[in-house]
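**Q** coords please:
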Amino acid sequence: MNSVYESAGSFRDFSESDRFFIAPVLTWDIGKNTNLTFEAEYLWEKRPLDCVVAVSSHDKPTYLFVNLIPEESSTALLEFMQLYIKSSKGAVVWKQIPEILQPAIFAQIPPPEIRRVAITVMKIPLRQYWNLLANYLAPQKRQVGWLAIALLGSMILQAINPLILRYFIDTAIGGGSEQLLLLMAVVFIATVLVTQVLSVDGTIATIWTRCTECW
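**A** Modelled structure (predicted):
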């Protein structure tokens, strides 16, 4: 018998769901070469009707409503759309929004023109980012240098390990000498150990850099 139970939440309020599934199987051995199998499935599921409506215009903010019940909110949506159309800027006063829609407002997104202006204002030259990074890392040159060496060395060794393993397998299949196989095994183990040491050192260097920043 197979059975599943799931109870899932959500980042939104009142959007929890429950699910229960059971599939029993019964086999009856009627004879030596004959059997009869009964299979059944039952699914019980409880989840809210997830109705989402977006009210948008090219020069007005976009209103996003979630968790709406169509039978109860259709009239309220029509009232809100009339207020939205009458407003020149699309701004609807909170008191004028029907009460049933107030808790359903998930987001109010500015119109594209305002978002475009905001993006233009936030443009920062790349050189300014570079100067900020250089000033921040200048007092920690040793830690940053060792961190770069550890990360680069770890990446190189991780790329070499499969090549060593492939050469070991090819040599073993081709009937290579035991001394060569032993040497390749030692090299592979040493490479793995060095990779782990570099990874640990890189982590220690990162923690040290953060601690220095806190001090």
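**Q** Which helix or strand contains Leu152?
**A** helix 141-173 (DSSP states H and E).
**Q** Pull out the buried positions in that helix.
**A** 143-144, 146-147, 150-151, 153-154, 157, 164, 168 (16 or more other Cβ atoms under 10 Å). Glycine gets a C-beta too; all of them are placed from N, C-alpha and C.
**Q** which secondary structure elements does it contact?
**A** On a contact count with 3 or more Cβ pairs under 8 Å, 6 or more residues apart in numbering; DSSP states H and E, helix 141-173 meets helix 178-214.
**Q** average pLDDT for the helix it packs on?
**A** Regarding helix 178-214, the rounded mean pLDDT is 71.
**Q** Also stretch 63-75?
**A** So the average pLDDT for stretch 63-75 ends up being 83.
**Q** Start the count at 362 instead of 1 going forward.
**A** OK, 362 is where the count begins now, so the last one is stretch 424-436.
**Q** Just the buried positions in that stretch, please.
**A** Here stretch 424-436 shows 424, 426-429, 434 as buried, counting by 16+ other Cβ under 10 Å.
**Q** wait, which of the buried residues of helix 502-534 is closest to Asp390?
**A** Nearest to Asp390 among the buried residues of helix 502-534 is Phe529, at 52.0 Å by Cβ to Cβ.
**Q** Give me the distance between the closest residue to that closest one other than its chain neighbours and Ser538.
**A** Using Cβ to Cβ, 6 or more residues apart in numbering and skipping residues adjacent in sequence, the residue nearest Phe529 is Met545, 4.4 Å away. To Ser538, Met545 is 11 Å away according to Cβ to Cβ, to the nearest Å.
**Q** do Glu433 as well
**A** From Glu433 to Ser538 the distance is 82 Å (Cβ to Cβ).
**Q** Would you mind writing the CA trace of stretch 444-458 as PDB?
**A** Output in PDB follows, covering the C-alpha atoms of stretch 444-458 (Å, rounded to 0.1, in the frame of the first residue of the first chain):
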ATOM      1  CA  LEU A 444     -12.200  54.500 -10.200                       C
ATOM      2  CA  TYR A 445      -8.900  53.500 -11.900                       C
ATOM      3  CA  ILE A 446     -10.100  54.700 -15.300                       C
ATOM      4  CA  LYS A 447     -11.500  58.000 -13.900                       C
ATOM      5  CA  SER A 448      -8.200  58.800 -12.200                       C
ATOM      6  CA  SER A 449      -5.800  60.600 -14.600                       C
ATOM      7  CA  LYS A 450      -2.700  59.100 -12.800                       C
ATOM      8  CA  GLY A 451      -4.300  55.800 -11.900                       C
ATOM      9  CA  ALA A 452      -3.900  56.500  -8.100                       C
ATOM     10  CA  VAL A 453      -6.900  55.300  -6.200                       C
ATOM     11  CA  VAL A 454      -7.400  56.500  -2.700                       C
ATOM     12  CA  TRP A 455      -7.200  53.700  -0.100                       C
ATOM     13  CA  LYS A 456     -10.600  54.700   1.400                       C
ATOM     14  CA  GLN A 457     -12.200  54.400  -2.000                       C
ATOM     15  CA  ILE A 458     -11.000  50.800  -2.600                       C
END
